[in-house]
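S.K.: need the 3D shape of this:
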Amino acid sequence: MVVVSMVNTISLNIRKKGIKYLGSRCRCCKTKDIEVLTFHHTDRENKYDNLSSLWHREWSIIEKELDKCELLCANCHMKLHRKENL
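M.R.: Numbers count the residues shown, from 1 in each chain. Below you'll find the model as predicted:
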């Protein structure tokens, strides 16, 4: 139980670092609510992996993947994907 909690804390801290790295706010609506910010890959063809699968890796690997992303809040992210599928 303690190990899982520690892993979750580390993942959350790395996620926060990733959010800060990308500017700490949604590209579209400018919200800064960390609870709703998501990482959107701007080019699916160039995507290595989901960021949530990389939080345990070294920062240089995470940073390379973050460079392929932009921050969007959950609402703006959903709207963007709905437009793509029309």
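
S.K.: list the buried residues of stretch 48-68.
M.R.: Counting neighbours by 16 or more other Cβ atoms under 10 Å, one finds that the buried residues in stretch 48-68 are Leu51, Leu54, Trp55, Ile62, Glu65, Leu66, Lys68. Just so you know, the C-beta spots here come from the backbone N, C-alpha and C atoms, and that holds for glycine as well.

S.K.: so for that stretch, mean pLDDT?
M.R.: Per-residue pLDDT over stretch 48-68 has a mean of 91.

S.K.: quick one: it to chain centroid distance?
M.R.: In terms of Cα atoms, centre = their mean, to the nearest Å, the centre of stretch 48-68 is found 9 Å from the chain centre.

S.K.: which residues does Lys68 contact?
M.R.: By Cβ atoms under 8 Å, 6 or more residues apart in numbering, Lys68 lies in contact with His41, Thr42, Asp43, Asn46, Lys47, Tyr48.

S.K.: typed the wrong thing, it's Ile62
M.R.: Listed by Cβ under 8 Å, 6+ apart, the contact partners of Ile62 are Ile14, Gly18, Leu51, Leu54, Trp55.

S.K.: kindly indicate which of those residues lies nearest Cys73.
M.R.: Ranking those by separation from Cys73, with Cβ to Cβ as the measure, puts Gly18 on top at 14.9 Å.

S.K.: ok, the residue nearest the centre of the chain to Asn75 distance?
M.R.: Within the chain, the residue whose C-alpha comes closest to the C-alpha centroid is Phe39; the distance, by Cα atoms, centre = their mean, is 2.9 Å. Applying Cβ to Cβ, to the nearest Å, the value for Phe39 to Asn75 is 15 Å.

S.K.: no further questions, thank you.
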